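kindly return the folded structure for what I paste below:
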Amino acid sequence: MSDETATTEKLLDLVRQTNAAWNRRDIDTYLSLCTPDCTYQPVARHFDSRERGGRDDVQRFMEDFWEAWDDEFVIEIDTMRVYGDAVVARMRFKGRARRSGIAINDRLYEVFWFRDGLIARIQDFVHRGEALKAVGVEE
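Numbering: from 1, shown residues only. Next up is the predicted model:
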């Protein structure tokens with residue numbers, strides 16, 4: 001296996017591991033895969049779309065998010081592709097809001113950037129073109 005192939009597989013595996021940890025509600029594992037100064041930018045249409053910075057802030061976001069959704073809420077990876085030091089993943093999320101009972105089954109694109117073998121930044125996008133532009137690729 002070439003170094004490039006090994007690097008690609010490692011990046012894809014990190015995304016798979018964080019996704020599995022998210023779905024298990026395993027904060028410790030999730031955050032262990034991120035740099036201490038990691039950032040997360042929710043999709044702009046999220047009710048609180050401010051950027052989160054650092055593991056503690058990301059953890060608070062995760063806890064608040066999980067509190068709002070039933071225990072069956074999951075995010076599934078549809079597709080992933082590596083672009084340099086980033087991965088663009090098309091994600092499907094399904095679940096039901098705890099208070100309203102409204103079900104959701106939607107898709108978004110997440111971009112993962114890496115540093116020192118860990119995830120340094122995650123940003124959500126509604127449209128594929130926006131996600132690709134964020135990694136310097138034009139459709």
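
use CA for all of it now, contacts and neighbours both
OK.

return the residues in contact with D37.
By Cα atoms under 8 Å, 6 or more residues apart in numbering, the contact set of D37 is 53-55, 120.

quick one, grab the pLDDT at it.
Listed pLDDT for D37 reads 97.

that's a strand at it, yeah?
Yes. Membership of D37 in a strand is supported by DSSP: H, G, I helix; E, B strand; the rest coil.

which stretches in the chain count as helices?
For the chain, helices defined by DSSP state H occupy the ranges 3-24, 27-32, 55-68, 128-134.

okay, now the unreliable bits of this structure?
For the chain, the stretches flagged by pLDDT under 70 are 1-6, 45-48.

hang on, the earlier thing: now the helices of the chain as TSV including mean neighbour count and distance to D106?
As requested, the helices of the chain are arranged in TSV below (neighbours: other Cα atoms under 10 Å; distance: least, Cα to Cα, whole Å):
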stretch	mean neighbour count	distance to D106
helix 3-24	16	16
helix 27-32	17	22
helix 55-68	15	16
helix 128-134	16	14
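
so which of these is nearest Q41?
Among the helices of the chain, the nearest to Q41 by Cα to Cα is helix 55-68 (9.5 Å).

can you give me phi and psi for the closest residue to E67 other than its chain neighbours?
Among residues not flanking E67 along the chain, R98 sits closest, at 7.8 Å (Cα to Cα, 6 or more residues apart in numbering). With angles defined as degrees, to the nearest 10, R98 sits at phi -60, psi -50.

list the contacts of R98.
Listed by Cα under 8 Å, 6+ apart, the contact set of R98 reads 67-70.
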